[in-house]
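[1] below is the sequence, then the predicted model.
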Amino acid sequence: TDYYKDADEVECIYCGLTNKFNKIEYILDKDYNEYTKTFRGMPPSITRYNKRKTALVTGFPSKRKGRPRVRPLTTTEEYKKEITWSEFNKKANRFANLLLSRGVKKGDKVAILLMNCIEWLPIYFGILKTGALAVPLNFRYSSDEIEYCVNLAEVDILVFGPSFIGRVEEIADRISKGRLLMYVGEGCPGFADDYYSLAANCSSQTPMMILSDDDDAAIYFSSGTTGFPKAILHKHRSLVHACKVEQNHHGQNRNDVFLCIPPLYHTGAKMHWFGSLLSGGKAVLLKGTRPEFILETVSKENVPLYGC
């Protein structure tokens with residue numbers, strides 16, 4: 001697909017495992033020292049849930065051609081996750097308090113290098129709650145581009161996920177000097193700190209931080225089609241305005257279900273989702289853009305609104 005053709009790991013809300021899919025694998029880039037995961041005989045992980053849930057993310061592994069097979073790993077990991085708005089806020093607060101405990105202060109920068117996942121948005125808002133700037137990075141970036149962006153934005157902490165271990169490890173010695181690397185996922189590499197274990201021990205209370213609309217909030221990077229990506233600064237005022245515009249445009253209310261299809265590092269995805277944030281409605285996030293899974297999700301979740 002256009003969004004995920006270069007991704008190491010592609011996932012979608014429903015794994016879509018049926019009788020015709022008795023074996024599904026995805027093979028990660030050999031350069032990243034990753035592994036093949038093989039799933040056999042797994043039933044669809046589809047359950048009903050309360051309408052007040054705010055988000056859910058599940059996965060479907062993609063096949064990648066031309067990649068050598070390595071040791072298979074059988075797994076029973078769940079493909080569907082969901083949280084309420086209350087849990088969302090607690091997760092954001094825990095990450096905010098974790099950052100503050102690590103010396104992050106107003107005006108510092110925290111980069112996010114993650115595929116769409118249930119942790120993505122709470123991490124993003126946890127950063128904003130500290131007064132630091134969130135710096136989302138494109139999942140397609142090479143090691144050189146990651147290094148370029150974290151240096152250009154003067155990033156203090158890089159938060160990354162399993163799909164990026166190889167790329168980050170390649171530059172870890174250079175970018176870890178004076179900079180914290182934080183890993184979100186299972187099997188934390190030795191050169192990074194474990195997000196889950198650290199955040200679990202932090203308070204879920206809202207940090208006492210005074211922010212204004214004119215404070216800097218985020219740095220987004222251009223696509224870099226004519227060279228290396230260029231940094232674009234957003235203030236809290238622009239994010240608040242995006243919330244209002246998107247909610248007004250889509251007309252979401254708290255009973256609606258909004259399907260967010262694109263990757264969250266992109267403003268076109270996150271700011272579409274902002275309408276759900278403002279209205280308190282449920283949002284469904286996708287990891288991947290396979291048409292059959294999009295249509296299945298629209299049908300099963302009774303989705304009247306979606307952002308592409």
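    Received, thanks.
[2] every contact and neighbour count from this point should use C-alpha atoms.
    Will do.
[3] flag the shaky bits of the stretch 51-200 of the chain, pLDDT-wise.
    For the stretch 51-200 of the chain, the stretches with pLDDT under 70 are 51-79.
[4] can you give me the strands for it?
    Shown for the stretch 51-200 of the chain, the strands assigned by DSSP state E, counting those that start in this stretch span residues 53-57, 72-74, 81-84, 109-113, 133-136, 157-160, 180-183, 193-194.
[5] residues making contact with the shortest one?
    Read it as strand 193-194. With contact meaning Cα atoms under 8 Å, 6 or more residues apart in numbering, strand 193-194 is reached by 180-185, 188.
[6] any chance of the strands of the stretch 51-200 of the chain in JSON lines, plus mean neighbour count and distance to L233?
    Below are the strands of the stretch 51-200 of the chain laid out as JSON lines (neighbours: other Cα atoms under 10 Å; distance: least, Cα to Cα, whole Å):
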{"stretch": "strand 53-57", "mean neighbour count": "22", "distance to L233": "27"}
{"stretch": "strand 72-74", "mean neighbour count": "12", "distance to L233": "42"}
{"stretch": "strand 81-84", "mean neighbour count": "16", "distance to L233": "30"}
{"stretch": "strand 109-113", "mean neighbour count": "26", "distance to L233": "12"}
{"stretch": "strand 133-136", "mean neighbour count": "27", "distance to L233": "9"}
{"stretch": "strand 157-160", "mean neighbour count": "24", "distance to L233": "18"}
{"stretch": "strand 180-183", "mean neighbour count": "21", "distance to L233": "22"}
{"stretch": "strand 193-194", "mean neighbour count": "18", "distance to L233": "28"}
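[7] mind checking these for the one nearest to Q252?
    Closest to Q252 of those is strand 53-57 (Cα to Cα; 13.2 Å).
[8] now do stretch 234-247: everything it contacts.
    Against stretch 234-247 from outside (Cα under 8 Å, 6+ apart): 212-220, 271-279.
[9] quick one: buried residues of it?
    234-236, 238-239, 242-247 (16 or more other Cα atoms under 10 Å).
[10] can I get the CA coordinates of that stretch in PDB?
    Provided in PDB are the C-alpha atoms of stretch 234-247 (Å, rounded to 0.1, in the frame of the first residue of the first chain):
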ATOM      1  CA  HIS A 234       3.400  24.000  15.800                       C
ATOM      2  CA  LYS A 235       2.100  25.800  18.900                       C
ATOM      3  CA  HIS A 236      -0.600  24.600  21.200                       C
ATOM      4  CA  ARG A 237      -3.000  27.100  19.600                       C
ATOM      5  CA  SER A 238      -2.700  25.300  16.200                       C
ATOM      6  CA  LEU A 239      -3.400  21.900  17.800                       C
ATOM      7  CA  VAL A 240      -6.500  23.300  19.600                       C
ATOM      8  CA  HIS A 241      -7.700  24.900  16.400                       C
ATOM      9  CA  ALA A 242      -7.200  21.600  14.500                       C
ATOM     10  CA  CYS A 243      -9.400  19.900  17.200                       C
ATOM     11  CA  LYS A 244     -12.200  22.400  16.600                       C
ATOM     12  CA  VAL A 245     -12.000  22.400  12.800                       C
ATOM     13  CA  GLU A 246     -12.000  18.600  12.500                       C
ATOM     14  CA  GLN A 247     -14.800  18.100  15.000                       C
END
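[11] gap between that stretch and the chain center?
    From the chain centre to the centre of stretch 234-247 is a distance of 20 Å (Cα atoms, centre = their mean, to the nearest Å).
[12] over to stretch 181-197?
    Worked out by Cα atoms, centre = their mean, stretch 181-197 lies 15 Å from the chain centre.
[13] again with stretch 142-156
    That offset, for stretch 142-156, works out to 18 Å (Cα atoms, centre = their mean).
[14] same question, stretch 123-141
    10 Å.
[15] swap in stretch 185-198?
    16 Å.
[16] if F221 is in a bridge, with which residues?
    With DSSP bridges applied, F221 shows beta-bridge pairing to A231.
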